[in-house]
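S.K.: quick one, what's the 3D model for this:
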Amino acid sequence: MHSQVTIAAERPLDGVMTMSTIHQGDDRMPTLNSLAFRVANMEAMIAFYSQAFGIQFREVDTYGIRSQFGELDGMTFKFVPIRDDADFKTFPIHQPGFQVENVEEVVRLAILHGGRQEGQTLRREGSIQAAVRDPDGNTIELYSNPL
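M.R.: Numbers count the residues shown, from 1 in each chain. Okay, the predicted model is just below:
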């Protein structure tokens, strides 16, 4: 038996509504289909995620807030603007991981758009790993395919 459950929740600190869909079935694990970021530097964030990962964003009205949504392999990235400095201080940092073709190029793009590299680039067993901070300071893990 397969089922799809959509969960809507309002965050208590800022009132932003979030929705996630979980697919359940006898032969599948639950899957996550969206990731929301509170964004202080919308233009730089869109430029970085578009150039580094090929995500095309579109404007979406999220309960009166002009947000940007984009898709990557079935995952919806939701960029919701921070309304003031207080929003940013108490909101958690997110850390997605991406498998990319060229880790060094994504590191370069992060730096170009105001982010930075975290630690050193690692080369192990034919693959490359690195971590960057995006323009808003979120940590992103980067992995290459094994060579």
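S.K.: list the residues that contact residue 109.
M.R.: Residues in contact with residue 109, defined by Cβ atoms under 8 Å, 6 or more residues apart in numbering, are 48, 51-52. In this view, the C-beta of every residue, glycine as well, is placed from N, C-alpha and C.
S.K.: and it, what helix or strand is that in?
M.R.: helix 103-112 (DSSP states H and E).
S.K.: what does the next helix or strand after that helix rub up against?
M.R.: For helix 103-112, the succeeding helix or strand toward the C-terminus, using DSSP H and E, is strand 116-124. Applying Cβ under 8 Å, 6+ apart, the contact partners of strand 116-124 are 103-104, 107, 110-111, 128-133, 139.
S.K.: so what strands line up beside strand 116-124?
M.R.: Looking at strand 116-124 with DSSP bridges, its partner strands are strand 127-133 (antiparallel).
S.K.: quick one: residues in contact with the partner strand.
M.R.: Counting by Cβ under 8 Å, 6+ apart, 103-104, 106-107, 110-111, 115-123, 139-147 sit against strand 127-133.
S.K.: please apply the same query to stretch 38-55.
M.R.: So stretch 38-55 is in contact with 14, 16, 37, 56-57, 68, 70-72, 77, 79-82, 87-88, 91, 98, 100, 105-106, 109-110, 112-115, 134-136, going by Cβ under 8 Å, 6+ apart.
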